[in-house]
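>>> mind looking at a prediction? Sequence and model below.
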Amino acid sequence: MNSSKPTYDDGAIRCDEQGLRIRCYYPWGAKQIPYDSIRGVTAVPLTGLRGRWRIWGSGDLRHWWNLDPRRPRKRTALVLDVGHWVKPTITPEDPEAVVRCLGR
């Protein structure tokens, strides 16, 4: 069990000393991304054509959205560049706080 103190945790996204943890990323659980694996982060507005209604998965085989049933009510997504074709795309409750945690 991870006993480190989180610097951000909204129930779906957690930032702590080990890195960024995306809960409900895979059908079988979470994805842990060490901070040094994140090459960049881009904030994008959520629109009808750009993820607002994507609750989970991918529509373009380029972005993978974690499970977030509250996504239709949110305005901003964060696209994480981790050096792979598929980019984890998340919608934290406080995107600015996550960007600060990532040091960007």
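Great, that's in hand. Just so we're clear, the structure is a prediction, and the values are computed from it rather than from any experiment. Numbering: from 1, shown residues only.

>>> which strand is the longest one in the protein?
strand 19-26 (DSSP state E).

>>> packing partners of that strand?
Under the contact criterion of 3 or more C-beta pairs under 8 Å, 6 or more residues apart in numbering; DSSP states H and E, the helices and strands touching strand 19-26 comprise strand 13-16, strand 29-33, strand 87-90. To be clear about C-beta, it is placed using only N, CA and C from the backbone, and glycine gets the same treatment.

>>> let me have those in CSV, extended by distance to Trp56, mean neighbour count and mean pLDDT.
As requested, the helices and strands packed on strand 19-26 are exported to CSV (distance: least, C-beta to C-beta, whole Å; neighbours: other C-beta atoms under 10 Å; pLDDT from 0 to 100):
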stretch, distance to Trp56, mean neighbour count, mean pLDDT
strand 13-16, 14, 21, 96
strand 29-33, 13, 14, 96
strand 87-90, 11, 20, 98
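
>>> mind putting those into a markdown table with distance to Leu78?
Written out in a markdown table, the entries for the helices and strands packed on strand 19-26 read as follows (distance: least, C-beta to C-beta, whole Å):
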| stretch | distance to Leu78 |
| --- | --- |
| strand 13-16 | 9 |
| strand 29-33 | 12 |
| strand 87-90 | 5 |
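
>>> could you pull out the strands in this structure for me?
Assignment of strands within the chain using DSSP E yields the ranges 8-9, 13-16, 19-26, 29-33, 40-45, 63-65, 76-81, 87-90.

>>> contacts only, for the residue nearest the centre of the chain.
When C-alpha atoms, centre = their mean is applied to the chain, the residue found nearest the centroid is Ile90 (2.8 Å). If you count contacts by C-beta atoms under 8 Å, 6 or more residues apart in numbering, Ile90 has them with 12-13, 22, 65-66, 68, 77-78, 80, 98.

>>> if you set the cut-off to 7 Å instead, what comes out?
With C-beta atoms under 7 Å, 6 or more residues apart in numbering as the criterion, the residues that contact Ile90 are 13, 22, 66, 77-78.

>>> repeat that for Ile38.
Going by C-beta under 7 Å, 6+ apart, Ile38 touches 20, 80, 82, 102.
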